[in-house]
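Student: got a sequence here, can you build the structure:
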Amino acid sequence: MPTGWKSEPSEGIELVRLAVKAGLYPVYEVFDGRRLRINVEPEMSSPALERYVSMQGRFRKAGPSLGRLREATELQWKDLRLKAGAGR
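Tutor: Numbering: from 1, shown residues only. Okay, here's the model as predicted:
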């Protein structure tokens, strides 16, 4: 895990899984530089988002607004799904 995350190295896999489950890190492939395929459709889990943020020391003093983070994530996924659909 990046040192700036201020989390335990043993928590790295859990943090990545939470990020994917919450929709923060999309998992997709790009073919020929244009066509996009989403490999993992996230649950958009609020508990996963909350746990992801709470496990990292970098957010202890001034953590992100979970509501704003959720809105930004949903907008990102809306755009990503449009791009994936347009390449078919």
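
Student: and residue 77, how many residues sit next to it?
Tutor: With neighbours defined by other CB atoms under 10 Å, the count for residue 77 comes to 16. Quick note: C-beta positions are derived from backbone N, CA and C, even for glycine.

Student: ok, it touching residue 22?
Tutor: No - at 10.8 Å, residue 77 and residue 22 do not qualify as touching, with contact defined as CB atoms under 8 Å.

Student: sec struct for residue 70, please.
Tutor: helix (DSSP: H, G, I helix; E, B strand; the rest coil).

Student: can you give me phi and psi for residue 27?
Tutor: Backbone geometry at residue 27, expressed as degrees, to the nearest 10, gives phi -120, psi 110.

Student: same deal with the one 4 residues further on?
Tutor: Note on residue 31: its backbone torsions stand at phi -110, psi 130 [degrees, to the nearest 10].

Student: now it. Nearest residue, chain neighbours left out?
Tutor: Among residues not flanking residue 31 along the chain, residue 37 sits closest, at 7.0 Å (CB to CB, 6 or more residues apart in numbering).

Student: so what's the nearest residue to residue 11 once chain neighbours are set aside up against?
Tutor: Nearest residue to residue 11 in three dimensions, chain neighbours excluded: residue 55, at 6.0 Å (CB to CB, 6+ apart). Residue 55 sits next to 7, 11, 14-15, 18 when contact means CB atoms under 8 Å, 6 or more residues apart in numbering.

Student: any idea of the pLDDT on residue 55?
Tutor: Residue 55 is assigned a pLDDT of 81 by the prediction.

Student: for residue 22, see how far away it is.
Tutor: 12 Å (CB to CB, to the nearest Å).

Student: where does the chain have low pLDDT?
Tutor: For the chain, residues meeting the criterion pLDDT under 70 lie at 1-9, 63, 86-88.

Student: now the helices: where do they sit in it?
Tutor: For the chain, helices defined by DSSP state H occupy the ranges 12-22, 46-54, 66-86.

Student: point to the residue nearest the middle of this structure.
Tutor: Of all residues in the chain, the one closest to the mean position by CA atoms, centre = their mean is residue 24, 1.3 Å from it.

Student: thanks a lot, catch you later.
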